[in-house]
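Undergrad: quick one, structure for this:
(chains A and B)
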Amino acid sequence: MHEEPAIVVDHITRKFGTFTAVNDVSFNVKRGEIFGFLGPNGSGKSTLIRVLCGLLAPTSGAGKLNGLNVVDDIETIRQTIGYMAQGFTLYDDLTAKENITFYGMVYGLFRNRLKDRTDAVVDLVGIEDYMDRQAGALSGGWKRRLALACALLHEPTIIFLDEPTAGIDPVARRELWDLLFELADQDVTLFVTTHYMDEAERCTRVGYIYMSNLIALGTPSELKQIPEVRPPGTRRFEVDAQDITRVHGIFKRWEPVRDSTIFGATVHALVEETLDAEGIRKQLRTNGIEARLVREIEPTLEDVFVTLTRYHEARDEERMVS
Amino acid sequence: MFRGFRAIIYKEFIHMRRDPITIFVALVIPLIQLIIFGYAVDMDVKNIPTVICDQDRTAESRALPSSFENTGYFHVLYEVENPDDVYSRLRSGEAKIGIIIPPGFGDDRFASTPTQAQVLIDGSDITVANQALNIANAIGLRVSLTERARQIGVENPDEQMPLEILPRLLFNPTMKSANFMVPGLIGVLLWIVTVFLTAVAIVREREKGTIEQLFVTPLAKLAFIVGKLMPFAILGMIESAVVLLASRYFFGIPINGSVILLAFLIVPYLLTGLMVGLVISTIATNQAQALQFSAMTMLPSVILSGFMFPRASMPFIIYVLSFFVPLTHFLEIVRGIILRGAMWADLWDETLILVGFFSFFLTVAVKRFKKQLG
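TA: Here you go, the predicted structure:
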């Protein structure tokens, strides 16, 4: 049986004047998936979300949510989608409870139904202790939970979350993700943008947008296998040493190293298949560096995106030159 | 069409309760303006400081300054010896009027030979200058006429003028500026509440992103607009009532027409202001811009409408432009009802023009206001 995708993005382009914010992007998201939408700042993530939510009209192409067109059927769609914008977009001077009541009324919930749904979302996000506090006085994590509660009141089947975890502490971040998994279990489709690679790893599928173009799409493990990330005849090593900046510098000038990137306290290097850990140690030793750790690793999603970004940057430059 | 209207009203009511400063400002500003325009901006000129240089020092020469003082418009503050001192008093601003009586003035008057006295007027203050000029001429004319009449043997010439004009001032018999300014103030204040507050309130939602969150909901556009404008419409009506009460009981300006008619005819003007605010909110991208755009509408309203300066004295082009200022027409209505006791039959045309303005701005606002960003 063929089930219709929850979200269909069909060759969507959105321009602002001469600037193309989203360029011919296409993909589908299945029901119950957590779709991670990644990309650098200004790459077009928020623009695509806004097009799908009916906040911006696509310049060309079409979007479908639950089989309904995001331009023609937007008023019907609005009843079935939830949206958590970037930043806090509820009313600071209203209490948590008042914000929830307000959004409930906007969605046409009154009396018992409003009370039931309020209880349900408050219970889900666990905000009962803060219900009488003005939203502006809540901490970042509680603001997100409140925003999520408001976005869930009308039992949407698709929820768009634009950087839901930006600027909140790691514990709150983890708890919010637990909530998202709980929702996905209830067959709610989640469309999430994020900067955090650990969050991307937890998504069912991931899309990576760079300079307005979608350049990668797949499950995290699929993406780690793509040829640009893992060219034939190469291996990937992680190196830990006292002075990783120097290690990085040495790798940059060393023939068998194709690519080197600093990840926190370690260096990830893409090297010729013929090179092994001992070879790397030796090379570093001749430069007076004793490596604490050299081990072969699978590429992480961050490797994937860094590699893809560089690959496309190089290609853009080539195009500019020719 | 009105989906979510109750929600917006619910929220706006809480906003108001949590932010009493806005309401306070919205009600206190009118009172301050009322005092400024009702008291400070007094166009009636009285007690103009006057300097006298009497070089003659006779009974006749002393009679002239007192005839000036007796009008009530002049107050002799200084008497100087030298005509040059008169000029320096005027230049320093200590006096606005200087009267110089040359030597031999008394002899000439006694002998009934034509004589002269010089009146120097500070022309930098036009209102004072005009008034002083008119009164000085009138005094000269009156003294001369009486003199001539006496010469041809008229007894009690003051009582037997061949033609006497009997002026009767209607509608503002005491010629008080406040009577003219205060009713007009209702129009100015309504413009502030509707245009400024509406534009800023909606742009604030846009700026904070709260509007973005609202626009993904099934909330009806009309419900948002009407719900958002309603509080300011109510505030505008309350403000009008406050100004009206103050003008009646504090400034003692009688309301000669029907208050109910006024309440009805305020509506098209109020709605025009709200729509202008709404249009501004679709153009401005932040609150500072909204304020600037609103302020831009304020200046023509105050200057061109006839609120302060009579339209009749405007150059033709400006006069034509002033027709396109909504306040121009509302002033006709509000001054008409309060001062002249005008009725519907006198005001329907101005009302119709205001309805026209409202329809125009409504169309523009509806066209421009979308449940979308950018």
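Undergrad: show me the helices in the stretch 151-300 of chain A, by range?
TA: When secondary structure is read from DSSP state H, counting those that start in this stretch, the stretch 151-300 of chain A shows helices at A:170-185, A:197-201, A:220-223, A:244-253, A:277-286.
Undergrad: run the chain-centre distance for the longest one.
TA: When C-alpha coordinates are averaged (C-alpha atoms, centre = their mean, to the nearest Å), helix A:170-185 and its chain have centres 14 Å apart.
Undergrad: how about it as PDB, C-alpha atoms only?
TA: As requested, C-alpha coordinates have been extracted for helix A:170-185 and formatted as PDB (Å, rounded to 0.1, in the frame of the first residue of the first chain):
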ATOM      1  CA  PRO A 170      22.000  20.900  27.400                       C
ATOM      2  CA  VAL A 171      19.600  19.300  29.900                       C
ATOM      3  CA  ALA A 172      16.600  21.300  28.500                       C
ATOM      4  CA  ARG A 173      17.800  20.400  25.000                       C
ATOM      5  CA  ARG A 174      17.800  16.700  25.800                       C
ATOM      6  CA  GLU A 175      14.400  16.900  27.400                       C
ATOM      7  CA  LEU A 176      12.900  18.700  24.500                       C
ATOM      8  CA  TRP A 177      14.200  16.000  22.100                       C
ATOM      9  CA  ASP A 178      12.700  13.300  24.300                       C
ATOM     10  CA  LEU A 179       9.400  15.100  23.900                       C
ATOM     11  CA  LEU A 180       9.900  15.200  20.100                       C
ATOM     12  CA  PHE A 181      10.400  11.400  20.100                       C
ATOM     13  CA  GLU A 182       7.300  10.900  22.100                       C
ATOM     14  CA  LEU A 183       5.300  12.900  19.500                       C
ATOM     15  CA  ALA A 184       6.900  11.000  16.600                       C
ATOM     16  CA  ASP A 185       5.700   7.800  18.300                       C
END
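Undergrad: on contacts alone, who are the packing partners of it?
TA: The criterion is 3 or more C-beta pairs under 8 Å, 6 or more residues apart in numbering or on different chains; DSSP states H and E, and the helices and strands that helix A:170-185 contacts are strand A:34-38, helix A:111-125, helix A:140-152, strand A:189-194. (Each C-beta comes from the backbone N, C-alpha and C, glycine too.)
Undergrad: what angle do the last one and helix A:170-185 make?
TA: Spelled out, that is strand A:189-194. 150 degrees (axes from the mean of the first three to the mean of the last three C-alpha atoms, to 10 degrees).
Undergrad: repeat that for the longest one.
TA: For the pair helix A:111-125 and helix A:170-185, the angle between their directions (the same axes, to 10 degrees) equals 130 degrees.
Undergrad: is chain B contacted by helix A:111-125?
TA: No. Interface with chain B: helix A:111-125 contributes nothing (C-beta under 8 Å from any C-beta of the partner chain), its closest point being 10.6 Å away.
Undergrad: next, the buried residues of that helix.
TA: For helix A:111-125, burial by neighbour count (16 or more other C-beta atoms under 10 Å in any protein chain shown) applies to A:L114, A:R117, A:T118, A:V121, A:V122, A:L124, A:V125.
Undergrad: number of nearby residues for the residue of the stretch 1-150 of chain A found nearest chain B?
TA: The shortest separation between the stretch 1-150 of chain A and chain B is 3.4 Å, found at A:M105 (distances taken as C-beta to the nearest C-beta). Neighbours of A:M105 under the rule other C-beta atoms under 10 Å in any protein chain shown: 21.
Undergrad: ok, it touching B:Y10?
TA: Yes. Taking contact to mean C-beta atoms under 8 Å, the distance of 6.2 Å between A:M105 and B:Y10 places them in contact.
Undergrad: make TSV out of the helices and strands packed on helix A:170-185 and add distance to B:V25.
TA: Supplementary listing: the helices and strands packed on helix A:170-185 in TSV, determined by distance: least, C-beta to C-beta, whole Å:
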stretch	distance to B:V25
strand A:34-38	44
helix A:111-125	34
helix A:140-152	29
strand A:189-194	40
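Undergrad: adding mean pLDDT, write the ones you listed out as TSV.
TA: Putting those into TSV (pLDDT from 0 to 100) gives the following:
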stretch	mean pLDDT
strand A:34-38	94
helix A:111-125	93
helix A:140-152	93
strand A:189-194	94
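Undergrad: relative to B:I338, which of these is closest?
TA: Between B:I338 and the helices and strands packed on helix A:170-185, the tightest spacing by C-beta to C-beta is seen for helix A:111-125, at 47.9 Å.
Undergrad: helices and strands around the closest one, which ones?
TA: Helix A:111-125 sits against helix A:96-106, helix A:140-152, helix A:170-185, with contacts defined as 3+ C-beta pairs under 8 Å, 6+ apart.
Undergrad: got those as a markdown table, with distance to B:E207 columns?
TA: Listed next are the helices and strands packed on helix A:111-125 as a markdown table, based on distance: least, C-beta to C-beta, whole Å:
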| stretch | distance to B:E207 |
| --- | --- |
| helix A:96-106 | 18 |
| helix A:140-152 | 18 |
| helix A:170-185 | 26 |
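Undergrad: of all the ones you listed, which one is nearest B:A246?
TA: Between those, helix A:96-106 lies closest to B:A246; by C-beta to C-beta that is 35.8 Å.
Undergrad: how much distance is there from the closest one to the middle of the chain?
TA: Helix A:96-106 has its average C-alpha position 28 Å from the chain's average C-alpha position, going by C-alpha atoms, centre = their mean.
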